[in-house]
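> what's the 3D shape of this:
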Amino acid sequence: MGYVLTSRAMDINTTDEELCYILGYLATPNRIKYIEAQVPYGKEQAFCLAYPGQHYDEMKITSDKQSYQFRIILNYNGNCPEPLKQALTTGGGAFKNNCISRGRFVEKIINEYGFRFFDIPDANLIRDNVKIKHLKYIDAFDEGYNIPLLGKC
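As a prediction, the model looks like this:
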């Protein structure tokens with residue numbers, strides 16, 4: 001995997017324990033609708049080199065987008081951890097308050113933890129990666145994973 005975003009991309013700053021809790025929350029089945037990658041015209045090859053085999057939305061030549069846009073679109077945002085709650089924005093159309101537009105954070109979870117653009121999260125793979133990187137916080141992942149889908153932020 002690679003990185004394509006510039007230093008201007010936004011992040012979600014957390015401790016390692018908070019990150020593991022959030023990763024568990026996001027890995028919960030049906031929590032994420034999809035993780036979106038919008039790729040500007042002319043930057044497709046760089047994206048494909050950085051993320052081989054991953055899907056993306058290709059922008060038309062007439063689009064005014066000049067930079068990559070990575071977003072998490074949630075099905076449910078209930079009981080969301082505070083750092084995510086602060087990052088929730090209104091996405092397009094039906095995604096009111098279910099969009100996390102923090103590209104650097106999205107790129108990190110794609111590259112380091114096994115999330116994929118436009119694919120259903122593989123909770124076992126993500127948990128295994130958390131266990132490798134943050135063994136002492138695996139309980140935080142499990143706690144986040146077991147947060148019910150019900151409720152709204």
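
> And the contacts of the helix or strand hosting F70?
Following DSSP states H and E, one finds F70 within strand 69-74. Strand 69-74 is contacted by residues 5, 9, 26, 31-38, 91, 95, 98-101, 103, 106-107, 110, 117 when judged by C-beta atoms under 8 Å, 6 or more residues apart in numbering. No exception for glycine: its C-beta is placed from N, CA and C like everyone else's.

> Distance from the chain centre to the one helix or strand Q45 maps to, please.
Using DSSP H and E, Q45 sits in helix 44-50. Offset of helix 44-50 from its chain centre (C-alpha atoms, centre = their mean, to the nearest Å): 18 Å.

> so after that helix, what's the next helix or strand?
Next along the chain after helix 44-50, taking DSSP H and E as the criterion, comes strand 57-58.

> Give the rounded mean pLDDT of that next one.
Here strand 57-58 scores 89 as its mean pLDDT.

> Adjacent strands (with direction) for it?
Using DSSP bridges, the strands paired with strand 57-58 are strand 32-39 (parallel).
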